[in-house]
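*Asks:* Got a predicted structure here, sequence first:
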Amino acid sequence: MIDDEGSGYGRNAIVPEENTRLTHVGAGTPMGELMRRYWHPICMTSDLTDLPKYLKILDEELVAYRDKSGKVGVLGAHCCHRGTSLEYGRIEENGIRCCYHG
Ligand code: FES
């Protein structure tokens, strides 16, 4: 038998219940709305190459890219036409173009 006096072995861990006010960060949640009031570093500009970069932050899917003129952009990850992923978009001189219907 293990003498567990003064030891953490054999003790039941006390795990507090999740506080969803603090842990949920989606749009419309209290913490999500608070977090959206601040700037967040989401990727390094050196990560932006000739392909769009998919990102998920604050429960939102985004695509970051650098167009051929050198400007950085961030958009929702899904095309507004039919919802396909702009992760497969084509980077052009002044922006990004959906690879399906343009
Ligand atoms: S799905 Fe993107 S333009 Fe049609």
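*Replies:* Thanks, I have the structure now.

*Asks:* Up against the ligand, what does this protein have?
*Replies:* C79, H81, R82, T84, C98, Y100, H101, G102 (Cβ under 6 Å from any ligand atom). Backbone N, C-alpha and C define where each C-beta goes, glycine included.

*Asks:* And the helices in the protein?
*Replies:* 20-23, 30-35 (DSSP state H).

*Asks:* Can you tell me which of those is most buried?
*Replies:* helix 30-35 (a mean of 14; mean count of other Cβ atoms under 10 Å).

*Asks:* In CSV, list the helices of the chain along with mean pLDDT and distance to R66.
*Replies:* As requested, the helices of the chain are arranged in CSV below (pLDDT from 0 to 100; distance: least, Cβ to Cβ, whole Å):
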stretch, mean pLDDT, distance to R66
helix 20-23, 96, 33
helix 30-35, 97, 25
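
*Asks:* Dump those into JSON lines; add distance to K56 as well.
*Replies:* Shown next, in JSON lines, are those (distance: least, Cβ to Cβ, whole Å):
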{"stretch": "helix 20-23", "distance to K56": "16"}
{"stretch": "helix 30-35", "distance to K56": "13"}
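
*Asks:* Since that was my last question, I'll sign off now.
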